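**Q** sequence plus predicted model, see below.
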Amino acid sequence: MIFVAGALLCAAISAVPDVRRRKIPNIVTGPAILAGLALHAVLGGWSGLGNSALAGLIAGVVFLAFWLAGGLGAGDVKLMVAVGCFAGLSPLPLLLLAILLAGAVFALAVSVVHGRLRVTLRNVVELLMHHRRVGLKPHPDLNLKNAQTLRLPFALPAAAGCLFAICAQTWGLHL
């Protein structure tokens with residue numbers, strides 16, 4: 001549980017600049033990646049270090065797809081690498097699923113608060129059709145570069161997903 005707690009701390013610290021400026025600075029994610037790797041190395045030796053590095057790589061690749069599609073910033077991807085390095089392989093499937101679901105719930109909540117639920121749902125369908133046709137290329141209008149689109153500081157659902165994973169571990173839930 002200490003590993004996922006480290007991931008939660010990392011996401012919570014990242015949420016502050018993400019909410020304020022919609023950016024997660026490298027000064028947060030870089031040391032967090034190193035801290036996650038170091039924690040696993042100290043507690044698990046070379047095996048622990050490899051476990052941490054592989055988890056960071058997997059988390060990074062999963063969320064890199066969202067960056068390539070224009071839906072996440074690079075800081076969000078680096079945050080997910082750090083979260084993966086902290087969490088390690090064992091809780092990673094549950095953690096990634098929890099973060100993805102939290103992101104969807106937060107996105108729906110933001111769209112409801114802004115009175116744009118119908119538009120958001122139409123946009124999701126449009127994005128799915130676009131990516132089915134052209135792969136992971138960003139949509140010409142529905143991407144982070146368009147100032148008119150709603151934005152979500154992704155560190156918040158990352159932290160919520162980490163908190164859920166801690167609770168699930170406490171209650172003995174696993175994927």
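**A** Arrived safely. Residues are numbered from 1 along each chain as shown.

**Q** what comes up buried for stretch 133-140?
**A** Neighbour-count burial for stretch 133-140 flags 138-139 (criterion: 16 or more other Cβ atoms under 10 Å). Heads up, the C-betas are built off the backbone N, CA and C, glycines and all.

**Q** so for it, mean pLDDT?
**A** Averaged across stretch 133-140, pLDDT comes to 93.

**Q** which residues are in contact with it?
**A** Stretch 133-140 is touched from outside by 65, 68-70, 126-127, 130-131, 145, with contacts defined as Cβ atoms under 8 Å, 6 or more residues apart in numbering.

**Q** how long is it from one end to the other?
**A** For stretch 133-140, the first-to-last residue distance is 13 Å (Cα to Cα, to the nearest Å).

**Q** on that earlier part again, buried subset of the contacts of stretch 133-140?
**A** 69-70, 127, 130-131.

**Q** where are the low-confidence patches of the chain?
**A** The chain contains residues with pLDDT under 70 at 174-175.

**Q** in the chain, which residue sits furthest out from the middle?
**A** G45 (26.6 Å; Cα atoms, centre = their mean).

**Q** host element of that residue?
**A** Element membership for G45 (DSSP states H and E) is helix 26-68.

**Q** so which elements touch that helix?
**A** If you count contacts as 3 or more Cβ pairs under 8 Å, 6 or more residues apart in numbering; DSSP states H and E, helix 26-68 packs onto helix 2-21, helix 74-87, helix 92-113.

**Q** the inter-axis angle of the second one versus helix 26-68?
**A** Between the axis of helix 74-87 and that of helix 26-68 there is an angle of 110 degrees, by axes from the mean of the first three to the mean of the last three Cα atoms, to 10 degrees.

**Q** of the contacts of stretch 133-140, which is the nearest to A159?
**A** For these, the residue nearest A159 by Cβ to Cβ is A65; the value is 21.1 Å.

**Q** and L57, how close does it get to L37?
**A** 11 Å (Cβ to Cβ, to the nearest Å).

**Q** more neighbours, these two?
**A** Between L57 and L37, L37 has the larger neighbour count (other Cβ atoms under 10 Å), namely 21 against 13.

**Q** mind listing what that one touches?
**A** L37 touches 49, 52-53, 56, 85, counting by Cβ under 8 Å, 6+ apart.

**Q** ok, these vs P17, which is closest?
**A** C85 (19.3 Å).

**Q** count of residues packed around the spatially closest residue to the closest one that is not a sequence neighbour?
**A** In space, and not counting its chain neighbours, C85 is closest to G36: 3.1 Å by Cβ to Cβ, 6 or more residues apart in numbering. By the measure other Cβ under 10 Å, the count of residues near G36 is 26.
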